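*Asks:* have a look at this prediction, sequence included:
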Amino acid sequence: MGQPEIETTEKLSEGPQTVRAILFPEVSSAGAVDLSVKIGALRLRNPILAASGTFGYGLEFAHLVDLNRLGGFVTKGLSREPIEGAPAPRLYPTPSGMLNAVGLQNVGVRAFVAEKLPVLRNFDTAVIANVFGYTLEDYVEVIRVLEDAEGLAGYELNISCPNVKKGGMQPPEKPPPSAPSGSSSPHLLQTLDLSPVPPRRLEPTP
Ligand SMILES: Cc1cc2nc3c(=O)[nH]c(=O)nc-3n(C[C@H](O)[C@H](O)[C@H](O)COP(=O)(O)O)c2cc1C
């Protein structure tokens with residue numbers, strides 16, 4: 001492979017796409033393949049969706065990952081008021097994985113809308129807001145604030161908080177509303193982040 005190697009070395013500065021096209025011309029480039037997926041009303045460019053809490057508010061990772069190439073990401077859980085979170089240590093490695101107790105640290109929904117969302121709007125990726133609270137009213141209030149903001153593709157309602165003191169899970173007596181009444185954004189995706197602990201059955205709201 002004398003010739004291609006020289007050519008590849010010269011083209012290295014043109015980026016990985018060019019080099020890959022030389023080395024594997026028979027393989028279609030990622031841009032040429034439709035990887036899009038539909039979840040409810042939302043279409044994602046591809047099925048890569050970073051999970052809530054593992055990806056901050058997205059911006060912390062912008063120097064490592066091109067956010068525009070993700071299908072989308074789910075924000076760290078957002079509450080009515082900022083939460084400082086658990087004291088260190090928050091992470092502990094175990095032989096079969098790791099334990100974490102972040103304690104729901106977050107900037108609060110208003111700071112998210114004022115400080116993070118305007119920057120996130122510069123990226124072409126689906127931003128899904130993860131929402132949590134201790135009462136039904138908390139969920140409604142957080143979503144009300146988000147409803148007034150621009151740039152979200154959907155909500156994920158966190159109804160499992162295994163690391164808070166109130167007993168392993170945090171489902172309100174009734175499931176949180178899918179959106180506050182009068183919602184201006186019925187097209188937004190709504191998903192649930194459930195606990196791995198089997199919940200007691202939640203009766204649907206009439
Ligand atoms: C460090 C850490 C923080 C997380 N924070 C949140 C959170 O704020 N809100 C939430 O709904 N889920 C949170 N999760 C749960 C993840 O979003 C995800 O549901 C969980 O990692 C299970 O994903 P898996 O089934 O692919 O392993 C967190 C997970 C980790 C590891």
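*Replies:* Everything's here; your move.
*Asks:* mind listing what the closest residue to residue 53 other than its chain neighbours touches?
*Replies:* Distance criterion C-beta to C-beta, 6 or more residues apart in numbering; nearest residue to residue 53, sequence neighbours excluded, is residue 76 at 5.5 Å. Every residue, glycine included, has its C-beta placed from N, CA and C. Each residue near residue 76 by C-beta atoms under 8 Å, 6 or more residues apart in numbering is listed here: 52, 53, 55, 56, 57, 105, 106, 130.
*Asks:* and the ligand, which of the residues you listed contact it?
*Replies:* With C-beta under 6 Å from any ligand atom as the criterion, the contacts of residue 76 include 52, 53, 130 near the ligand.
*Asks:* could you look up the SS state of the residue of the chain at minimum distance from the ligand?
*Replies:* Across the chain, no residue is closer to the ligand than residue 53, which sits at 1.8 Å (C-beta to the nearest ligand atom). Look at residue 53: counting by DSSP: H, G, I helix; E, B strand; the rest coil, its state is coil.
*Asks:* that one: what's it in contact with?
*Replies:* 76, 77, 102, 130.
*Asks:* all helices for this protein, in order.
*Replies:* Secondary structure of the chain (DSSP state H): helices at 2-11, 16-23, 109-111, 117-120, 136-147.
*Asks:* with mean pLDDT, mean neighbour count and distance to residue 37 as added columns, please give the ones you listed in TSV.
*Replies:* Formatted as TSV, the helices of the chain follow (pLDDT from 0 to 100; neighbours: other C-beta atoms under 10 Å; distance: least, C-beta to C-beta, whole Å):
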stretch	mean pLDDT	mean neighbour count	distance to residue 37
helix 2-11	60	11	33
helix 16-23	78	13	23
helix 109-111	98	18	28
helix 117-120	97	16	21
helix 136-147	94	19	23
